Every structure is written in C-alpha cells, then in structure tokens.
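Here you go, sequence then predicted model.
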There are 2 protein chains.
Amino acid sequence: MTDTKDKIASSLHHQFAEHGFATLGVEALRAGADVSLRTLYKHFPSREEMVVGALEHRDGLYREWISGGPGEGAAHVLHPFMRLADWLRDVANLGCLSRYALASYPDSPLIRGTVEAQKRAVREMFHARLLHVAPECDADLLADALFLMHEGLTESARLMGQEAAVAATLHSAKALLRNNGIN
Amino acid sequence: MTDTKDKIASSLHHQFAEHGFATLGVEALRAGADVSLRTLYKHFPSREEMVVGALEHRDGLYREWISGGPGEGAAHVLHPFMRLADWLRDVANLGCLSRYALASYPDSPLIRGTVEAQKRAVREMFHARLLHVAPECDADLLADALFLMHEGLTESARLMGQEAAVAATLHSAKALLRNNGIN
DNA sequence: CGACAGGTAGAGTGATCACTCTACTTTTGC
DNA sequence: GCAAAAGTAGAGTGATCACTCTACCTGTCG
C-alpha cells in the first residue's frame, strides 16, 4: 500500500540522484527498490511516473529540510541557504534532480509541470520570508535574486567545491540584503 | 572533411539543445545532420563523442559571444551577463547543455572532463576580469560569487522568465561589486 | 585517365528497452 | 476462516537502440 509506494519512491529518488536518468533502465530500478516488476508498475504505471514520483519524494524531503529558521532579520531569509549547505553535503547529489529530469524529458508535460511547480514554490518561499522580515522591501526583485543564487549554489556546489560555493553565495546574499536595508 | 565535421557538430548541438539527451537516437541525429550514418560515425565514433562534439561546439560559440567588453570598471566585469542575456534570448535553450549532459551521463569520464573544463574556464574568465579592473580585490571569492550567479541565470532564465532573471542577476551582481569597492 | 579520399544508401545484428502476462504466495480485514 | 487485496518470480513481446557492413557514387589532383 502506501508504505510500499513510499519505499519505492525513496529508492527511485536515490537511484536517479546517483546515476541520472539516461542510463537507468526499469529493470535496474526494480532491483534497486527490491520489489517485483508488477508491483513497481502498479504504483508507477510508466517510467515517466517513476521519474515524477522520485521528484516529488525529493521535494517533500527538501521542503521539510529548509523550513523554519530564526524568524527575524536577514538570518531568517538566509536560513534556507544554511540548510542547503548541509543538504548538499549529505545527499547524493549531481545538482538539481528536477532540472535534470526536465532536461532529460523536455517534451513531457507531466514532468515539466512538476518541476515548474517545485521551482515556483522555492521562489515563493523566499518571497514570504522577505515580506515577513521587511514588509516594505521590493520582495519581487529580491526573491528572484535569492532564487537565482539558490539555483546557482545547488547546481555548482559539486563542480566548484561545496565550501567555496556556500561561502560565495552567503557573501553575495548578505551584500544584496544589506544594500536593501535588511540586516 | 573539417567542413563536414563542423556542420555535423552544429546540427548535433541544435538537436541536443532542443530535445535533450535522453530521447534522441543516433538515427534521428543522423537525419537532422543530413549525412549518412557512415559519415556520422567516421567523425564521431560513438554516441558519447557526439555529445562531446556538441558541447565543444557550443562552448566555442559561447566563449566568442561573451568576449570583449568596455575594458574597465564594473561594466567590464558585468559584460558577460549582458551578453548572456542576449544569448538566452536567441539560442534554443533549456538551460546549460553541458550540465545536462553531465547529469545524463554521470558515469562518463569523457563528458565529465569536458564539462568541468568548460565551467572552470568561465570562472577563470570572471577572475581575470576582476583582476583587470581591481587588482587589489578578493578575486577568488568574487569570481566564485559571479560564477554562481552566472550559473543561476543560465539555468533559470527559461523557467522564471528571461527579463526578470536578468534584472535580478544584474541587481545582485552590482550590489556585490559595489560592496567590494568596484564601480 | 585513373586512383583515391570522402561521400551516399540502407539492410542487418545482437542487445536492451519499456512494458505485459501467467501462475503462485502472503497479508489483511471483516 | 476465508475472500480480497497486494505481494512474489520471471518468461515473453515487439520496438528501438547503438553500431557495422556491403556496395556504390563523385569530385579533385597528379
């Protein structure tokens, strides 16, 4: 039932995150999840839905991971970056899995919709945090800017080294907030 | 000879950029390049090398595209962002093609090496521009930061709208440079 | 003229793909 | 206690994959 589905989704997530979307066949996914092919297809009727299942599983984990924070000041806005830094350290990671899914299947409306919703949610999360700590600020512009830094960090941490990437991102984000009167 | 190879590389680039790496078969690539299968394999002996050929073709175009600039002040450092804005408008684009190639074939050393070299080159380009206009600055940190913004913009322009993404990036980058005494 | 480099068309190959199906066993709820 | 639901194993299917091969054509240069 739901237990099994979650277990499979978690396995799909880990396997896609580690090996990408192009080289993993359904048989390998089945073996990794340690279920029968029939069960796998009962919960995820096509490869496309396996991809979506993995993305949604990861998104749930990530939202939970970055939630919370000190509640006021620049630190509240920067909290997701601090958490992302640990996320990038812990999770098998070749960048943003959702974006890679979209790149691998650019013609799938299902995957496109899933990814766009997830990205929009991150941007809105920054928007809400900004309004929370500085109701007068230009939250649209700043949320866009922070979202872009978030994406840059997610994508590049592995390539340029996690420590340097985090340091550079925090430096930029603090400069941005300070220039806009948020401390 | 080289003419043919360039023509094929250009076609490979366009096709991968438009449809991604997962769904395009070699037969489709052949048809798009309008050559025989034998010729295609003569110049690119495997699918992997077709991917690398496309990436290198794109990298050549991009380096040329962002080169130059006013030669001094913050505008010199920001020049690649201005050019990237136009690039994102013109080129069929689902994000950074190199990164997607790496995500699609994370186990290929050939592709990994190609992508890492390209990314390093962009970061070094910012580093050189920073030292050129402000020899005393912390060029390592700032180059990292600008590189991350560059990656964020490249990846997110399509998803969040090219205009808003460019505006937010320039706002952040200017704040960063101003905070470090570069005007 | 004639050789040769570099092109063409397209059938063939064995592997692998996503996905289905049959037949059987275990777990769960009333 | 016994259906019904949900799991198992694993063979089979037709399509498609990356890649090879045979056979032929064409433009250039000595």
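It's in.

Which positions in chain A make contact with DNA strand D?
Residues of chain A that fall close to DNA strand D, judged by Cβ under 7 Å from any atom of the strand: A:1, A:4-5, A:34-39, A:42-43. For glycine as for every other residue, the C-beta is placed from the backbone atoms N, C-alpha and C.

Quick check: ChimeraX command selecting the buried ones in these.
Of the residues of chain A next to DNA strand D, the buried ones go into a single ChimeraX selection, burial set by 16 or more other Cβ atoms under 10 Å in any protein chain shown:
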select /A:35,43
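
okay if I get the residues of chain A next to DNA strand D as TSV plus secondary structure, distance to B:H14 and pLDDT?
Output for those, formatted as TSV (DSSP: H, G, I helix; E, B strand; the rest coil; distance: Cβ to Cβ, whole Å; pLDDT from 0 to 100):
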residue	secondary structure	distance to B:H14	pLDDT
A:M1	coil	47	57
A:T4	helix	43	90
A:K5	helix	40	93
A:D34	coil	42	93
A:V35	coil	40	94
A:S36	coil	42	94
A:L37	helix	37	95
A:R38	helix	41	94
A:T39	helix	41	95
A:K42	helix	40	94
A:H43	helix	38	95
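
anything in the least confident helix or strand in chain A by mean pLDDT near chain B?
Here the helix or strand of chain A ranked lowest by mean pLDDT, DSSP states H and E is helix A:97-104, holding a mean of 87. Yes - using Cβ under 8 Å from any Cβ of the partner chain, helix A:97-104 comes into contact with chain B via A:99-100, A:102-104.

filter the residues of chain A next to DNA strand D by proximity to DNA strand C?
Among the residues of chain A next to DNA strand D, the ones lying near DNA strand C by Cβ under 7 Å from any atom of the strand are A:37-38.

Let me have the residues of chain A next to DNA strand D in a markdown table, extended by distance to A:W87.
Below are the residues of chain A next to DNA strand D laid out as a markdown table (distance: Cβ to Cβ, whole Å):
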| residue | distance to A:W87 |
| --- | --- |
| A:M1 | 29 |
| A:T4 | 26 |
| A:K5 | 24 |
| A:D34 | 26 |
| A:V35 | 27 |
| A:S36 | 33 |
| A:L37 | 32 |
| A:R38 | 34 |
| A:T39 | 30 |
| A:K42 | 31 |
| A:H43 | 26 |
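
quick one: contacts for the residue lying closest to A:V133 once chain neighbours are set aside?
Leaving aside its sequence neighbours, A:V133 sits nearest to A:H76 (Cβ to Cβ, 6 or more residues apart in numbering or on different chains; 5.2 Å). Contacts for A:H76 (Cβ atoms under 8 Å, 6 or more residues apart in numbering or on different chains) come out as A:69-70, A:129, A:132-133.

please redo it, this time with the cut-off set to 10 Å
A:68-70, A:129-130, A:132-134, A:182 (Cβ atoms under 10 Å, 6 or more residues apart in numbering or on different chains).

Separate out the buried members of those.
With burial judged by 16+ other Cβ under 10 Å, the buried subset of the contacts of A:H76 is A:69, A:129-130, A:133-134, A:182.

Could I get the buried residue list for stretch A:2-16?
Buried residues in stretch A:2-16, defined by neighbour count with 16+ other Cβ under 10 Å: A:8-16.

which among these are in contact with chain B?
A:F16 (Cβ under 10 Å from any Cβ of the partner chain).

what ranges of chain A fall below the confidence cut-off?
A:1, A:91-94 (pLDDT under 70).

longest helix anywhere in it?
helix A:109-133 (DSSP state H).

quick one: the helices in chain A?
Going by DSSP H, chain A shows helices at A:2-19, A:26-33, A:37-43, A:47-66, A:73-90, A:97-104, A:109-133, A:139-160, A:162-179.

Just name the most buried of those.
The highest mean neighbour count among the helices of chain A, using mean count of other Cβ atoms under 10 Å in any protein chain shown, belongs to helix A:97-104: a mean of 26.

quick one: is that one near DNA strand C?
No - Helix A:97-104 lies out of reach of DNA strand C by Cβ under 7 Å from any atom of the strand, never closer than 11.2 Å.

now the angle from that helix to helix A:2-19?
Calculated by axes from the mean of the first three to the mean of the last three Cα atoms, to 10 degrees, helix A:97-104 forms an angle of 70 degrees with helix A:2-19.

Next, work out how far apart the residue nearest to A:V51 when sequence neighbours are not counted and DNA strand C are.
Closest residue to A:V51 apart from its sequence neighbours, by Cβ to Cβ, 6+ apart: A:A101 at 5.3 Å. A:A101 sits 14 Å away from DNA strand C, going by Cβ to the nearest atom of the strand, to the nearest Å.

re the thing from before, can I get the buried residues of stretch A:2-16 in a markdown table with distance to DNA strand C?
Formatted as a markdown table, the buried residues of stretch A:2-16 follow (distance: Cβ to the nearest atom of the strand, whole Å):
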| residue | distance to DNA strand C |
| --- | --- |
| A:I8 | 14 |
| A:A9 | 16 |
| A:S10 | 19 |
| A:S11 | 15 |
| A:L12 | 12 |
| A:H13 | 16 |
| A:H14 | 17 |
| A:Q15 | 12 |
| A:F16 | 11 |
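
Format the buried residues of stretch A:2-16 as TSV; extra columns: distance to B:F81.
Supplementary listing: the buried residues of stretch A:2-16 in TSV, determined by distance: Cβ to Cβ, whole Å:
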residue	distance to B:F81
A:I8	43
A:A9	39
A:S10	39
A:S11	41
A:L12	37
A:H13	34
A:H14	36
A:Q15	37
A:F16	32
